[in-house]
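>>> sequence first, then the predicted structure:
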Amino acid sequence: MDESKIDAFLKRKGEKVIVSACLLGENCRYDGKSKEVPEIRKLAKYYSLLPICPEVLGGLRTPRDPSEIVEGKVLSQRGKDVSENYRNGAYWASALARIQKVHLAILKDRSPSCGSTLIHDGSFTGKVIPGKGITAKRLEKEGVLVLNEEEGKRLLSLLEEGR
Ligand code: SF4
């Protein structure tokens, strides 16, 4: 957990934050479900949350085949190269960040788009390795601070303590 990034979020209270839409309850995951984290939703008390799903922005349908990063490409479980969809999703996420002057994001870890500390290892066996998804990497390269959902929960607890 990167406390310095969490501190930076505390200093930017009130700003816009891009958030993985699935963390806010949107059924946009590959399996047609969400991955709602109530603590992330509660951050709306302190920030202006902008939900996005980079995979949907990149033109993929829900539900869709799961995909993982394999040797620099994004491949679906059936072997289809969906790298361009992922790059397009990252492009639109970064365009939104620029237009809306967003410096902060909270993204779902372990995703080939949104992962900021962990991603699946490309074997489709559920194993994770340190790494970044395509959108998280692009946003960070453009200066956006990215937290994962666990860091987002820690941020909420600090805010609720009055930090
Ligand atoms: Fe959630 Fe990101 Fe995957 Fe969309 S691309 S379902 S927002 S983790």
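Sure, I can see it. Residues are numbered from 1 along each chain as shown.

>>> what is the neighbour count of residue 6?
Residue 6: 18 surrounding residues under other Cβ atoms under 10 Å. Any C-beta I mention is one placed from the backbone N, CA and C, and that applies to glycine too.

>>> in terms of helices and strands, where is it?
Using DSSP states H and E, residue 6 sits within helix 3-11.

>>> on contacts alone, who are the packing partners of that helix?
Applying 3 or more Cβ pairs under 8 Å, 6 or more residues apart in numbering; DSSP states H and E, we find helix 3-11 packed against strand 145-147, helix 149-160.

>>> ok, now which ones touch the residue nearest the centre of the chain?
By Cα atoms, centre = their mean, the chain has its centre lying nearest to residue 107, at 2.4 Å. The neighbours of residue 107, taking Cβ atoms under 8 Å, 6 or more residues apart in numbering as the test, are 18-20, 23, 114-116, 133, 135-136, 139, 146-148.

>>> within reach of the ligand, which of those residues are there?
Near the ligand, judged by Cβ under 6 Å from any ligand atom, the entries from the contacts of residue 107 are 20, 114.

>>> which strands and helices sit next to the helix ranked longest in the chain?
Across the chain, the longest stretch assigned as helix under DSSP state H is helix 83-99. Based on contacts counted as 3+ Cβ pairs under 8 Å, 6+ apart, the elements that helix 83-99 packs against are strand 16-20, strand 48-52, helix 54-57, strand 73-76, helix 134-141.

>>> can you list these in TSV and add distance to residue 34?
Below are these laid out as TSV (distance: least, Cβ to Cβ, whole Å):
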stretch	distance to residue 34
strand 16-20	10
strand 48-52	11
helix 54-57	13
strand 73-76	21
helix 134-141	18
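
>>> now those as CSV including mean pLDDT and mean neighbour count?
As requested, the helices and strands packed on helix 83-99 are exported to CSV (pLDDT from 0 to 100; neighbours: other Cβ atoms under 10 Å):
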stretch, mean pLDDT, mean neighbour count
strand 16-20, 98, 26
strand 48-52, 98, 17
helix 54-57, 98, 26
strand 73-76, 98, 18
helix 134-141, 98, 23
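
>>> for the residue located most distally from the centre of the chain, what are its contacts?
Of all residues in the chain, residue 162 has its C-alpha farthest from the mean position, at 26.0 Å, by Cα atoms, centre = their mean. Contacts for residue 162 (Cβ under 8 Å, 6+ apart) come out as none.

>>> can you confirm it is in a helix?
No. Under DSSP: H, G, I helix; E, B strand; the rest coil, residue 162 falls outside any helix and is assigned coil.
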